[in-house]
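Visitor: next input, structure requested:
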Amino acid sequence: MPTQSKRFRALVAKVPDDKNKIYTLDQAVAFLKEAATTKFDQSVEIHVRTGIDPKQADQLVRGSIVLPNGIGKSLRVIVFAKNELAEAAKAAGADEVGAEELQKKIKDGWTDFDVCIAAPDMMGLVGPLGKVLGPRGLMPSPRAGTVTPEIAKTVKEYKAGKVEFRNDDYGIVHSVVGKASFTPEKLSGNIQAFIDFIHHLKPHAVKGVYIKSITVCATMSPGYRIA
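Guide: I've put the predicted structure just below:
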C-alpha cells in the first residue's frame with residue numbers, strides 16, 4: 001500500500017469522516033485551494049461517474065469542450081496538412097506542421113506533443129500511425145474533431161484550453177479542468193461548464209440515473225464530492 005505523506009494525511013483529516021458527504025461547488029473549490037500547498041501548481045481534475053453501460057456502443061460519453069478559462073497549460077499541437085491548410089495551421093500557432101516528413105518522425109518514435117490534428121486528405125498518411133498514436137490517445141478522429149478541414153479554428157481551440165474526454169471501462173469520465181492557482185471563480189466556471197456539457201451529452205439509450213456522482217480533486221489532494 002502506498003505511504004501517504006504527512007501533508008496529505010493532514011488534508012484528509014480536515015474532511016468530515018463521511019464518504020457520502022456532498023459539498024457545494026464553491027465549498028469544494030475552497031477546499032481545493034486550501035489544499036494547494038505544494039511547490040508546483042497542481043492540476044485540478046473532475047471525475048464523473050455515470051450510469052451508462054460502457055459495453056454498449058450507443059451509450060458512450062465522448063466529446064471535447066473549450067473550457068471558458070483554459071486549463072493553465074499550453075498544449076503542444078501538431079498538424080498534418082499541406083499547402084494553404086498548412087500555412088493556416090502555422091499562423092494559428094501549431095507547434096509543428098508537416099506531411100510525409102512528420103509521419104516519418106513519428107514512426108521513428110517521436111511523440112513529444114499533446115494533440116494531433118489532421119486535414120481529411122492526410123488520413124492516408126496518418127492511418128498507418130495508429131499503432132503509435134492510438135495507445136497514447138493521440139490518434140486524430142472525426143468524432144473527436146481532430147480530423148477536420150477547419151484546421152486553424154481547431155488549433156486555436158486547443159491552444160485556448162480545449163480538452164477531450166471519453167468514458168473509461170467503468171463508465172467514468174475524467175478530465176483536467178484547470179490549475180490550483182486559478183481564482184475560485186475561474187475554477188468554478190470551468191467545472192460548471194464541464195458538468196453542463198456532460199449533461200448535454202446524455203445518450204438517449206441510457207435508462208435510470210445518468211450521473212451518479214461527481215468528484216473534484218487536485219493532483220495531491222483528497223477528492224470532494226459535489227452536488
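
Visitor: now the helices: where do they sit in this structure?
Guide: Secondary structure of the chain by DSSP state H: the helices cover 6-13, 25-35, 83-92, 100-107, 123-126, 130-133, 151-160, 184-200.

Visitor: worst mean pLDDT among those?
Guide: Among the helices of the chain, helix 6-13 carries the lowest mean pLDDT, a mean of 59.

Visitor: can you list the domains in the protein?
Guide: 18-71+162-226, 77-160 (automatic domain parsing).

Visitor: need these in a markdown table with mean neighbour count, can you?
Guide: (Each C-beta comes from the backbone N, C-alpha and C, glycine too.) Compiled in a markdown table, the domains of the chain are given as follows (neighbours: other CB atoms under 10 Å):
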| stretch | mean neighbour count |
| --- | --- |
| domain 18-71+162-226 | 17 |
| domain 77-160 | 18 |
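
Visitor: stretch 170-185 spans what distance, first to last residue?
Guide: Length of stretch 170-185, first residue to last, CA to CA, to the nearest Å: 31 Å.

Visitor: should've said stretch 143-160
Guide: 20 Å.

Visitor: could you do stretch 34-53 as well?
Guide: End-to-end for stretch 34-53, by CA to CA: 36 Å.

Visitor: got it, and stretch 103-116?
Guide: Terminal-residue distance, stretch 103-116 (CA to CA): 11 Å.

Visitor: ok, now stretch 204-219?
Guide: Taking CA to CA as the criterion, the two ends of stretch 204-219 lie 34 Å apart.

Visitor: how far away is residue 152 from residue 163?
Guide: Per CB to CB, to the nearest Å, residue 152 is found 19 Å from residue 163.

Visitor: got it, and residue 30?
Guide: Residue 30 is 23 Å from residue 163, by CB to CB.

Visitor: swap in residue 80?
Guide: Noted for residue 80: a distance of 21 Å to residue 163, by CB to CB.

Visitor: now tabulate the helices of the chain in JSON lines and tack on distance to residue 47.
Guide: What follows is the helices of the chain, written out as JSON lines (distance: least, CB to CB, whole Å):
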{"stretch": "helix 6-13", "distance to residue 47": "17"}
{"stretch": "helix 25-35", "distance to residue 47": "12"}
{"stretch": "helix 83-92", "distance to residue 47": "32"}
{"stretch": "helix 100-107", "distance to residue 47": "31"}
{"stretch": "helix 123-126", "distance to residue 47": "31"}
{"stretch": "helix 130-133", "distance to residue 47": "25"}
{"stretch": "helix 151-160", "distance to residue 47": "22"}
{"stretch": "helix 184-200", "distance to residue 47": "11"}
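
Visitor: select, out of these, the one closest to residue 174.
Guide: helix 184-200 (10.8 Å; CB to CB).
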